[in-house]
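[1] Give the three-dimensional model of this entry:
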Amino acid sequence: MEKREPKEQKEKRERESDPRWFRILVLALPAVAAVAACVEQLARR
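    The predicted model follows:
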């Protein structure tokens, strides 16, 4: 029982932090894709 409690606490902490980094990923992925597309266009030119 003692070993399960800290793991559950860690999972709760991870779940609480999930929305923050998930939003960052959702916002970052399209930005990275746009930058990659621009770099490809510049490289082709």
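[2] Now do the contacts for the spatially most central residue of the chain.
    The chain has L25 as the residue nearest its centroid, 3.6 Å off, counting by C-alpha atoms, centre = their mean. Not one residue lies near L25 by C-beta atoms under 8 Å, 6 or more residues apart in numbering. No exception for glycine: its C-beta is placed from N, CA and C like everyone else's.
[3] tell me which element it is part of?
    In this structure, L25 sits in helix 4-44 according to DSSP states H and E.
[4] And the residue nearest to the centre of the chain, how far from Q9?
    24 Å (C-beta to C-beta, to the nearest Å).
[5] coming back round to it: do you know how far the residue nearest to the centre of the chain is from A31?
    Distance of L25 to A31, computed by C-beta to C-beta: 11 Å.
[6] Over to V39?
    Distance of V39 to A31, given as C-beta to C-beta: 13 Å.
[7] cool, and A43?
    For A43, the distance to A31 (C-beta to C-beta) stands at 19 Å.
[8] What ranges in the protein fall below the confidence cut-off?
    Within the chain, the stretches with pLDDT under 70 are 1-6, 13-18.
[9] R45: neighbour count?
    5 (other C-beta atoms under 10 Å).
[10] For it, list the residues it contacts.
    Taking C-beta under 8 Å, 6+ apart, one finds nothing in contact with R45.
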